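J.: generate a structure from the sequence data that follows.
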Amino acid sequence: MRRVRYEEVTLRLFRRYGIHRALGAAQGFRGFAVIDLETTGFSWVDGDRVIEVGVILLDPLGAPTGGWTTLVDPCRSIAGTQIHRISDRDVAHAPRFAEIAGLLAASCADCVLVAHNLAFDSYFLHRELRTAGFDVGLGPRAGVCTMELAGHYMPAVSRALDPLCKAAGIDIRHRHWALWDAEATARLLQRFIGVDPAFHRHWREGIDRSLAVQWPAHVMDDARLLPRCPPTNGHPDDDWCATCVQSQQRRPKWLGGWPRVLAARLRRA
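T.: So this is what the prediction gives:
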């Protein structure tokens, strides 16, 4: 019996769901990079900076393939602690954004950028990356915004993340923690892909813009990360975060191997 290669299976899935027609010549499409940022405020011009990054990677059909998170030293005092619960003390030994910029670029290369309120996250990403020497030309609509998707797939619900997740049956255990918010956003994306067989065609414009972003070619897999772990209260869904943190503290080479507990959570979405 002839062994079927992974590429052949992927191509069959692409044809079945109409993805290869939507993406055209984008042969390097690896999937989606779902990102959430916590920041000191809302304005880069006023000196606000990123203080936490959460990334979840999905394949073209929405299955989880990797991810990571870290606190970031903004090199300034932190405001808004009552919202994100990150203090100056928490980031005292965290890497600066420039130290994780290479890993972030490697995570996003050949992926479609996804965020809830993409304009906000891409704005800060563009500014931070440019300051770190990565001028990738990331525009405010270079990707897919789940807030915009919600207006199409869940028009009767507020576009804010909390009511959307409540309506979709998604439990955000720790709001305003970058990794948990990224997970919630990823599960919303999975839901939208699942209910729309032509999803990749319908949102081709944002997909094409994102895949056109020129991310650096080199890969940085030894970035120093400092993830924060939310307090656990015996809830089984907290286990995956502890696994995530332990894996990252060893070394972030697990980028391609997502913890089993989180994978199960995402597949149940």
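
J.: how far does stretch 103-116 sit from its chain's centre?
T.: In terms of Cα atoms, centre = their mean, to the nearest Å, the centre of stretch 103-116 is found 7 Å from the chain centre.

J.: same thing with stretch 135-152?
T.: Its chain's C-alpha centre and that of stretch 135-152 lie 12 Å apart, by Cα atoms, centre = their mean.

J.: what mean pLDDT does it get?
T.: Averaged over stretch 135-152, pLDDT sits at 92.

J.: list the buried ones in it?
T.: Residues of stretch 135-152 classed as buried by neighbour count (16 or more other Cβ atoms under 10 Å): 136, 138-139, 142-150. Where you see a C-beta, it was placed from the backbone N, CA and C, and this is true even at glycine.

J.: how far does that stretch stretch from start to finish?
T.: Start-to-end span of stretch 135-152 (Cα to Cα, to the nearest Å) is 32 Å.

J.: what about the buried residues of stretch 135-152, which are in strands?
T.: Judged by DSSP state E, those include 144-145 as members of strands.

J.: can you redo the buried residues of stretch 135-152 as JSON lines with distance to Leu61?
T.: Formatted as JSON lines, the buried residues of stretch 135-152 follow (distance: Cβ to Cβ, whole Å):
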{"residue": "Val136", "distance to Leu61": "26"}
{"residue": "Leu138", "distance to Leu61": "25"}
{"residue": "Gly139", "distance to Leu61": "26"}
{"residue": "Ala142", "distance to Leu61": "22"}
{"residue": "Gly143", "distance to Leu61": "18"}
{"residue": "Val144", "distance to Leu61": "14"}
{"residue": "Cys145", "distance to Leu61": "20"}
{"residue": "Thr146", "distance to Leu61": "17"}
{"residue": "Met147", "distance to Leu61": "22"}
{"residue": "Glu148", "distance to Leu61": "21"}
{"residue": "Leu149", "distance to Leu61": "16"}
{"residue": "Ala150", "distance to Leu61": "20"}
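
J.: any idea which of the buried residues of stretch 135-152 is closest to Tyr123?
T.: Leu138 (8.7 Å; Cβ to Cβ).

J.: so what's the nearest residue to that closest one once chain neighbours are set aside up against?
T.: Of all residues not flanking Leu138 in the chain, His126 sits nearest, at 4.2 Å (Cβ to Cβ, 6 or more residues apart in numbering). Counting by Cβ atoms under 8 Å, 6 or more residues apart in numbering, His126 makes contact with 136-139.

J.: how does it look with 10 Å?
T.: 44, 134-140, 142, 213 (Cβ atoms under 10 Å, 6 or more residues apart in numbering).
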